[in-house]
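Novice: Sequence and computational prediction follow.
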Amino acid sequence: MNVPLLLEMIADACPNRIGFGRRHHGLSYTDLLRQSRSAARWLTSTQSGSCVHIGLNATSVPIALFAAAHAGVPFVPLNFRLPDRQLRRLLERTAPSVAIVDSNMVERVAGVENAALVSDTEFERLCNAGKDYPVRVSDLENQAAVLLFTSGTSGEPKAAVLRHSHLSSYVISTVEFNSADENEAALISVPSYHVAGISAILTNLYAGRRIVYLPVFDAQDWVNLVVSEGITQAMVVPTMLERILDVIDRTGADLARLKSLSYGGGRMPQAVIERGLRLLPQVDFVNAYGLTETSSTIAMLGPEDHRRAIESDNPVVRRRLTSVGKPLSSIEIDVRDQSGRSLPRGQSGEIFVRGDQISGEYVNKNAKGAGGWFATKDGGFMDDEGYLFVEGRLDDIIVRGGENISPGEIEDVLRAHPDISDAVVLGVPDNQWGECIAAVVVAPKSAPSEKSLVEWVRKRLRSTKTPQIWQFRSSLPYTDTGKVLRRQLKSEFIKQKSADEVVG
Amino acid sequence: MDFKPGSRWCSVVCDTEVVVVKVPNGAVSLQCGGEAMVLKDHGEKIGRGPSSDHASGTVIGKRYVHDPSGLEVLAVKSGEGSLSVDGVRLTLKDAKDLPSSD
């Protein structure tokens, strides 16, 4: 199975349906097939090794994705929000390549060796210029369809390889073909360099559901588009949901047509999702968990799970609101200890995953272990009924006096405090304990005293899990895809500490 | 028949085309409309339609399974013929009941 076939199928079944853009003058599946084939012929003629995209979400993204797929070269969307130097460095690594670049970004990446730049307007012309008969590539199934650079929190970013077989397995095992009503539309506000930006194109296309892009996220614009374009589903990261709910609260906007809202890409504060369920009772909430290396979603907490959890007085059922639900039926999950032994339900360890959609591969490096299992580097556990709880990156675990402490648990307790809107907990090097626990909290109205916060945590968790260092800020730094920048905060703490030691 | 995952097979009596999703355990012969299917671009259509007892159709986007061997295929083009292995009709796999997650 390969990526172009997904498009050929939907263009065969619904040739005139609008697949991308506004209801009336968007791009139909037949247009997309024709334009991407035309672009593929041009791409093949350039003899490039990859097709890069640097720019905001627009219909050029799916066209370039499918053009690259037809031509048998990987599509490589780059994070244009990176500083110029890093962006150019990533582009160098894709050479020899052609890069489709938004006109106002061309200057930032000009002159990179063996990267031919094509502006988005020139690309549009190329999509309509060539012949649209298909390019034939042998063994497309095992070719790389997409390369996605991981955020590179430790050192140089790694390029995850998603092959045609991984992406198409994900699509056909999770989506019923052509199952969407003609009036359904999905709003995508995650960038194309995020795995969800890629998987959203493929799954919605296979379902026959129109995609509308919000190229730069703004909560008010998001709400306006949902209303004006009759959006029925959307995917957001946690930071987006909170701002959207603020707008709905403030304006009383009526999102009656919105049926389904999925979220993922970071830890959702329980207070935010509870507020979402209250403000949007007609909406089906879905929490999706996945990684770049797993071709998007591997586990999900469905709408019924959400409703059951919020209505329940049983703490075991209620806490499932903070779980990522159950693994997809096409996915196996195993939780293991440091020596690689499978752990029983309820015990925390590293989450391993296996299935046809799992790539677990970087350029020049296969990270899959024995039996095809991929180590996610996420810590977590499964409860008695098979609900998966993700506790966070194993790299973020705090080791204090030999005890492993997961920040997520402490963050949840802090966020539940009535005066705290957001919190992050991290380990800071400490001579006595190896690491000590630092908490950075946002208290928008009035800052509670450190003493009362220590008391708050100690009452709910063990005293060894109580932060020793407290810092108050007006907001926390996040990536645009909803991940809190822990490392940045941590290095600030370390700098501060060494400065203090010099002075002291 | 050499069922590699992802290999594409065509009916010789109608427009049906399928892709192999799960390979069978053991040798089986996949038929459509009562005639053995051929690898795409590796065979000609024969000049007649499906036989009357194998003509209930194959629908694009549906997955069909042969339980005894575990063979699973996805129809990528609809056709008038129906799919069978050794004369036994393949069964339609249940629709996925998953909410959209992206």
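Specialist: Looks like it arrived, so ask away.

Novice: Partner strands of the lowest-mean-pLDDT helix or strand in chain B and their direction?
Specialist: The weakest-scoring helix or strand in chain B, judged by mean pLDDT, DSSP states H and E, is strand B:88-89 (a mean of 92). Strand B:88-89 pairs in its sheet with strand B:83-85 (antiparallel), by DSSP bridges.

Novice: as a whole number, average confidence for the strand it pairs with?
Specialist: Across strand B:83-85, the average pLDDT comes to 96.

Novice: Specify the beta-bridge partners of the closest residue to residue A:422 other than its chain neighbours.
Specialist: Spatial nearest neighbour of residue A:422, excluding adjacent residues (CB to CB, 6 or more residues apart in numbering or on different chains): residue A:442 at 4.2 Å. (Each C-beta comes from the backbone N, C-alpha and C, glycine too.) Residue A:442 forms beta bridges with residue A:422, residue A:473, as assigned by DSSP bridges.

Novice: can you pull the contacts of the residue nearest the centre of chain A?
Specialist: In chain A, the centroid-proximal residue (CA atoms, centre = their mean) is residue A:265; its distance is 4.1 Å. Residue A:265 makes contacts with A:190, A:194, A:196, A:237-238, A:481-483, as judged by CB atoms under 8 Å, 6 or more residues apart in numbering or on different chains.

Novice: How much space separates it from chain B?
Specialist: 10 Å (CB to the nearest CB, to the nearest Å).

Novice: and that residue, which of the three is it?
Specialist: coil (DSSP: H, G, I helix; E, B strand; the rest coil).

Novice: Just the pLDDT for it.
Specialist: Residue A:265 is given a pLDDT of 82.

Novice: ok, now residue B:95?
Specialist: At residue B:95, pLDDT is 79.

Novice: which residue packs closest to it, ignoring adjacent ones?
Specialist: Residue B:95's closest residue in space is residue A:176 (CB to CB, 6+ apart), at 5.0 Å.

Novice: now do residue A:472
Specialist: Nearest to residue A:472 is residue A:447, by CB to CB, 6+ apart, at 5.1 Å.

Novice: doesn't residue A:419 make contact with the one you found?
Specialist: Yes - at 7.3 Å, residue A:447 counts as touching residue A:419 under the criterion of CB atoms under 8 Å.

Novice: got a list of what the closest residue to chain B within the stretch 101-250 of chain A touches?
Specialist: Nearest to chain B, among the residues of the stretch 101-250 of chain A, is residue A:177, at 2.6 Å (CB to the nearest CB). By CB under 8 Å, 6+ apart, the residues touching residue A:177 are A:9-10, A:13, A:206-208, B:60-62.

Novice: OK, now which residue of chain B is nearest to chain A?
Specialist: Counting by CB to the nearest CB, chain B gets nearest to chain A through residue B:61 (2.6 Å).

Novice: That residue: neighbour count?
Specialist: By the criterion of other CB atoms under 10 Å in any protein chain shown, residue B:61 has 22 neighbours.

Novice: ok, now residue B:60?
Specialist: A total of 20 residues lie near residue B:60 under the criterion other CB under 10 Å.

Novice: Pull up the per-residue confidence for it.
Specialist: 96.

Novice: related to what we said a few turns ago, show me the contacts for the nearest residue to the residue nearest to the centre of chain A once chain neighbours are set aside.
Specialist: With CB to CB, 6+ apart as the criterion, residue A:265 has its nearest non-adjacent residue at 4.2 Å, and that residue is residue A:237. Residues near residue A:237 by CB under 8 Å, 6+ apart: A:190, A:263-266, A:481-482.

Novice: Quick check: phi and psi on the residue nearest to residue B:95?
Specialist: Dihedral angles of residue A:176 (phi, psi; degrees, to the nearest 10) stand at phi -80, psi 130.

Novice: isn't it right next to residue B:59, touching?
Specialist: No - if you go by CB under 8 Å, residue A:176 and residue B:59 don't touch, sitting 11.9 Å apart.

Novice: Of these two, give the one with the bigger neighbour count.
Specialist: Each of residue A:176 and residue B:59 has its neighbours counted (other CB under 10 Å); residue A:176 has more, 18 against 15.

Novice: List the residues that contact that one.
Specialist: Applying CB under 8 Å, 6+ apart, the residues contacting residue A:176 are A:207, B:61, B:95-96.

Novice: didn't residue A:171 look like it was pressed against residue A:201?
Specialist: No - with contact defined as CB under 8 Å, residue A:171 does not count as touching residue A:201 (10.0 Å).

Novice: Of those two, give the one with the bigger neighbour count.
Specialist: Comparing residue A:171 with residue A:201 by other CB under 10 Å, the one with more neighbours is residue A:201, at 26 against 23.

Novice: nearest spatial neighbour of the more buried one, skipping sequence neighbours?
Specialist: Nearest to residue A:201 is residue A:62, by CB to CB, 6+ apart, at 5.1 Å.

Novice: Can you list the helices and strands that whichever strand or helix holds the one you found packs against?
Specialist: Residue A:62 belongs to helix A:60-71 when assigned by DSSP states H and E. Other helices and strands packing on helix A:60-71, by 3 or more CB pairs under 8 Å, 6 or more residues apart in numbering or on different chains; DSSP states H and E, are helix A:3-13, helix A:29-46, strand A:50-54, strand A:75-77, helix A:120-127, strand A:144-149, helix A:195-207.
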